[in-house]
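In: The following block contains a protein sequence and its predicted model.
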Amino acid sequence: MNLPVLLNLAIAALLLAALYVQQRRHASFTVRVFTALGAGIVFGALLQAWYGASDPVIKLTGQYLDIVGSGYVKLLQMIIMPLILVSIVSAILKLRNAGALGRISALTIGTLMATTVVAALIGVLMAKLFGLTAVGLASNAAEAARGAYLEGKLPDAQAITLPSMILGFIPANPFLDLTGARKTSTIAVVIFAIFIGIAAHGIADKKPELFTSFDHFVKVAHAIVMRIVTLVLRLTPYGIFALITQLVATSSYQDILNLLGFVIASYCALLLMFGVHLGIVSAAGLNPLRYARKLLPVLTFAFTSRSSAGAIPMSVQTQTRRLGTPEGIANFAASFGATIGQNGCAGIYPAMLAVMIAPTVGIDPYTAAFLLPLVAVIAIGSVGVAGVGGGATFAALIVLSTLNLPVALAGLLISIEPLIDMGRTALNVSGSITAGTLTSRVLGETDMAAFGADAELTSEPEESEAA
């Protein structure tokens with residue numbers, strides 16, 4: 001390790017220490033998150049200005065910062081499956097009947113799918129307004145390599161059908177899915193948890209003493225898992241600082257400028273879809289400004305981490321503690337939203353990409369003959385999109401291959417992919433929380449006292465000053 005790297009890491013350590021001092025002084029979670037975000041942006045920009053994005057010093061510094069950034073994301077991923085399993089079993093044990101479970105599932109999935117269709121239409125609209133097209137775009141070596149990679153992945157995308165997607169949700173080996181080994185493991189664990197909960201209900205009358213013991217076990221497990229969630233989420237500002245520093249330090253500003261039109265159009269579409277989410281919340285009788293303010297910490301994490309699945313624990317806590325959504329609904333929405341109907345990755349992005357690429361093969365993308373199949377394919381293809389990095393690419397492959405469009409041209413956007421993916425991931429998480437909030441309101445389950453209060457995100461109610 002050379003002197004410049006040591007100096008960079010020393011500065012990073014001082015900034016992390018400053019964040020710790022903020023925590024010890026009981027600064028609010030939101031303040032700490034945005035302080036970390038700002039510090040990371042400034043530090044990353046200074047690193048790039050001094051060394052250059054491709055300098056080996058930046059790369060080595062990033063590897064050490066990755067211990068904090070990716071390490072934090074891994075800790076979140078560690079608790080996803082235990083959280084889903086225990087929380088959903090616990091929630092089902094509290095349900096009065098199976099009909100409530102059916103209504104929760106139908107409303108949540110229906111909202112996710114409907115908003116994905118709206119997101120796709122917004123993507124088409126922005127592509128039209130900004131005149132986006134892939135005709136004439138130059139391709140450098142990195143973009144050509146990315147195009148070749150996408151073509152190599154094409155057989156996997158073409159092999160996917162709706163029946164195979166549905167079958168992929170069924171947990172043939174629930175213990176394998178608890179490791180997160182498959183792209184559909186999240187939903188598979190949800191289904192496994194539902195079976196456990198329903199089976200427990202089945203012995204409640206026949207063997208009440210066993211049901212009582214199991215119920216007590218689940219409560220203990222739930223308390224322990226939630227305590228782990230609290231401990232991990234307290235590390236959020238440190239993780240955000242490391243992640244955003246790396247991103248800013250290694251971004252190519254010139255590549256961003258070359259494709260600035262697509263970046264601006266993408267974020268206009270994302271912001272417009274955020275507005276749709278707020279409109280849905282407002283129509284459900286909630287104050288949209290208060291709602292948006294309560295979502296800021298989790299959306300900031302999703303923005304910097306680019307992981308919808310990694311945001312599940314924070315999403316659940318945001319819904320339950322800050323929005324007043326019951327835990328069962330919150331877990332359903334967060335879990336399904338990380339795999340089904342992602343508004344950003346499976347809605348806006350494939351739609352804009354298809355509209356851009358269609359003219360290169362002589363297709364007018366603004367005709368009903370093209371748009372109707374496009375929206376239908378996006379709606380179906382949004383089922384089973386992975387909630388980790390790369391989900392948008394897979395969704396795009398499904399859409400482009402189904403419509404017989406050249407998938408290699410998607411590689412032209414490789415240089416700005418991380419920048420756009422940040423906004424897409426935040427929108428994915430916003431969509432899942434919107435689905436949970438709407439479901440809770442429709443079923444009359446929202447705790448309005450919790451929504452009206454200003455609860456901290458990562459602290460227990462009795463220890464709010466320690467968060």
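Out: Nice, I can see it. Not measured: the values here are computed from a predicted model.

In: Render the CA-only coordinates of stretch 120-127 in CSV, please.
Out: The C-alpha coordinates for stretch 120-127 follow below in CSV (Å, rounded to 0.1, in the frame of the first residue of the first chain):
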residue,chain,number,x,y,z
ALA,A,120,-43.6,1.8,-19.0
LEU,A,121,-45.9,4.3,-20.6
ILE,A,122,-44.1,7.1,-18.9
GLY,A,123,-40.8,5.7,-20.3
VAL,A,124,-42.2,5.8,-23.8
LEU,A,125,-43.5,9.3,-23.3
MET,A,126,-40.1,10.6,-22.1
ALA,A,127,-38.3,8.9,-25.0
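
In: Pull the residues that contact it.
Out: If you take C-beta atoms under 8 Å, 6 or more residues apart in numbering as the criterion, stretch 120-127 is touched by 132, 265-266, 268-269, 272-273, 276, 347-352, 355-356, 365-366, 371, 374-375, 378-379. Glycine gets a C-beta too; all of them are placed from N, C-alpha and C.

In: any idea how far Thr300 is from Ala45?
Out: 18 Å (C-beta to C-beta, to the nearest Å).

In: Which one's more surrounded, the two?
Out: Thr300 (21 against 15; other C-beta atoms under 10 Å).

In: Can you name the helix or strand that the more buried one falls in?
Out: According to DSSP states H and E, Thr300 maps onto helix 288-305.

In: Output the contacting helices and strands for that helix.
Out: helix 29-51, helix 236-250, helix 260-283, helix 312-317, helix 417-442, helix 448-452 (3 or more C-beta pairs under 8 Å, 6 or more residues apart in numbering; DSSP states H and E).

In: Against which helices or strands is the shortest one packed?
Out: Translated: helix 448-452. helix 288-305.

In: So which residue is dead centre in the protein?
Out: Nearest to the mean C-alpha position of the chain, by C-alpha atoms, centre = their mean, lies Ser308 at 1.9 Å.

In: any chance you could map the helices in the stretch 51-200 of the chain?
Out: Residue ranges of the helices in the stretch 51-200 of the chain, as given by DSSP state H, counting those that start in this stretch, are 56-94, 98-129, 141-158, 162-169, 174-177, 185-202.

In: Which of these has the lowest mean pLDDT?
Out: Mean pLDDT is lowest for helix 141-158 among these, at a mean of 58.

In: Of the contacts of stretch 120-127, select the buried ones using a PyMOL command.
Out: This is the PyMOL syntax for the buried subset of the contacts of stretch 120-127, where burial follows 16 or more other C-beta atoms under 10 Å:
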select buried, resi 132+265+266+269+272+273+276+347+348+349+350+351+352+355+356+365+371+374+375+378+379
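
In: sorry, back to before: residues touching the helix holding Thr300, excluding its own?
Out: Counting by C-beta under 8 Å, 6+ apart, 29-30, 33-34, 37, 40, 73, 76, 236, 239-240, 243-244, 247, 278-279, 281-282, 308, 310-311, 314-315, 318, 322-323, 422-423, 425-426, 428-430, 433, 437, 451-452, 457 sit against helix 288-305.

In: thinking again about what came up before, looking at the helices and strands packed on helix 288-305, which is nearest to Ala10?
Out: Shortest distance between Ala10 and the helices and strands packed on helix 288-305, using C-beta to C-beta, is found for helix 29-51: 12.0 Å.

In: Alright, I will stop here.
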